[in-house]
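# sequence first, predicted model second:
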Amino acid sequence: MAATLSLAFAPTPAGADQYLVVYAAPPVSPGVNFVPRSKFRFLQATALNGASPVNLLAAYEAKFGSLVAGSRVFVRAKLITTEGFTSQELVTSFVITPGA
């Protein structure tokens, strides 16, 4: 089974003057529950008015290497308008599961 890594968001699509910016941290042990802000790296941004879900796999693997089953990944995302206003950042994490 092919690996997937995508981020769904709502409302979709984002506003006409907004784009979603995504940051990620390198994989860590599944028992880790916090990653400091300094560990996050820019991953990718959507086009204006981008729709959900956003495929992050190619950008993540280019930055951090292949996904490893059992590791935890942290992702931060925020909306930015063309005027430079930003939304509150949302942070989530998940454990990579092996394919079926």
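That came through, no problem. Numbering: from 1, shown residues only.
# and A3, which of the three is it?
Under the three-state scheme (DSSP: H, G, I helix; E, B strand; the rest coil), the conformation of A3 reads as coil.
# roughly how far apart are the closest residue to it other than its chain neighbours and G50?
Excluding the flanking residues, the one nearest A3 by CB to CB, 6 or more residues apart in numbering is L67, at 5.5 Å. All C-beta atoms are positioned from the backbone trio N, CA, C, and that covers glycine. Applying CB to CB, to the nearest Å, the value for L67 to G50 is 23 Å.
# sheet partners, orientation included, of the helix or strand of the chain with the lowest mean pLDDT?
Of all regular secondary-structure elements in the chain, judged by mean pLDDT, DSSP states H and E, the least confident is strand 6-7 with a mean of 90. Sheet pairing for strand 6-7, assigned by DSSP bridges, gives strand 54-55 (antiparallel).
# for K63, helix, strand, or coil?
Going by three-state DSSP, the secondary structure assigned to K63 is helix.
# ramachandran coordinates for the closest residue to it other than its chain neighbours?
Distance criterion CB to CB, 6+ apart; nearest residue to K63, sequence neighbours excluded, is R41 at 6.0 Å. Dihedral pair for R41: phi -130, psi 150, per degrees, to the nearest 10.
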